[in-house]
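Engineer: I'd like to go over a predicted model; first the sequence, then the structure.
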Amino acid sequence: MQASVAIQVLPATQDTNEVVRIVDEVIDYIKSTGLNYYVGPFETTIEGDSYDQLMDIVKECQHVAIKAGCPAVSAYIKVSYKPEGGVLTIDQKVTKHH
């Protein structure tokens, strides 16, 4: 694996139910990519062999939130990238804690 990203999508709405609905739509999109992912309480981590593919997914997450009815969206992104491979996997990072 060459890269992993963590994304926290923050819909600009005060209605908690709307926040959850919009974030759920973003997570559904991430699921649809077929990549390995892990949903945590603050962010979702996605891993893959293509840095560019992951960046496209990060970009599309914003579009999904807007299409879901969010007037504006902010996101916090973390990226781990190693072109020759060897980025720690989600399982390597969290399995021992669950």
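Structural biologist: Looks like it came in fine.
Engineer: can I assume Lys31 sits in a strand?
Structural biologist: No - assignment of Lys31 by DSSP: H, G, I helix; E, B strand; the rest coil gives helix, placing it outside any strand.
Engineer: In contact with it, which residues?
Structural biologist: Lys31 makes contact with Tyr37 under the criterion Cβ atoms under 8 Å, 6 or more residues apart in numbering. In this view, the C-beta of every residue, glycine as well, is placed from N, C-alpha and C.
Engineer: ok, 10 Å please
Structural biologist: Contact analysis of Lys31 by Cβ atoms under 10 Å, 6 or more residues apart in numbering lists Tyr37, Val39, Thr44.
Engineer: quick one: what helix or strand has Val79 in it?
Structural biologist: strand 73-81 (DSSP states H and E).
Engineer: Now that strand: average pLDDT?
Structural biologist: Averaging pLDDT along strand 73-81 gives 97.
Engineer: How about residues contacting the helix or strand just after it?
Structural biologist: Beyond strand 73-81 in the direction of the C-terminus, DSSP H and E gives the next helix or strand as helix 90-94. Counting contacts by Cβ under 10 Å, 6+ apart, the residues outside helix 90-94 that touch it are Met1, Ser4, Ala6, Asn36, Tyr37, Tyr38, Gly40, Thr45, Ile46, Glu47, Ser80, His98.
Engineer: Any buried residues in helix 90-94, and which?
Structural biologist: Across helix 90-94, burial judged by 16 or more other Cβ atoms under 10 Å covers Ile90.
Engineer: try stretch 48-60
Structural biologist: Of the residues in stretch 48-60, those buried by neighbour count under the rule 16+ other Cβ under 10 Å are Gly48, Tyr51, Leu54, Ile57, Val58.
Engineer: are any of the contacts of Lys31 buried, and which?
Structural biologist: Restricting those to buried positions leaves Tyr37, Thr44, with burial counted as 16+ other Cβ under 10 Å.
Engineer: In JSON lines: the contacts of Lys31, plus distance to Asp15, secondary structure and pLDDT.
Structural biologist: As requested, the contacts of Lys31 are arranged in JSON lines below (distance: Cβ to Cβ, whole Å; DSSP: H, G, I helix; E, B strand; the rest coil; pLDDT from 0 to 100):
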{"residue": "Tyr37", "distance to Asp15": "26", "secondary structure": "strand", "pLDDT": "98"}
{"residue": "Val39", "distance to Asp15": "21", "secondary structure": "strand", "pLDDT": "98"}
{"residue": "Thr44", "distance to Asp15": "21", "secondary structure": "strand", "pLDDT": "98"}
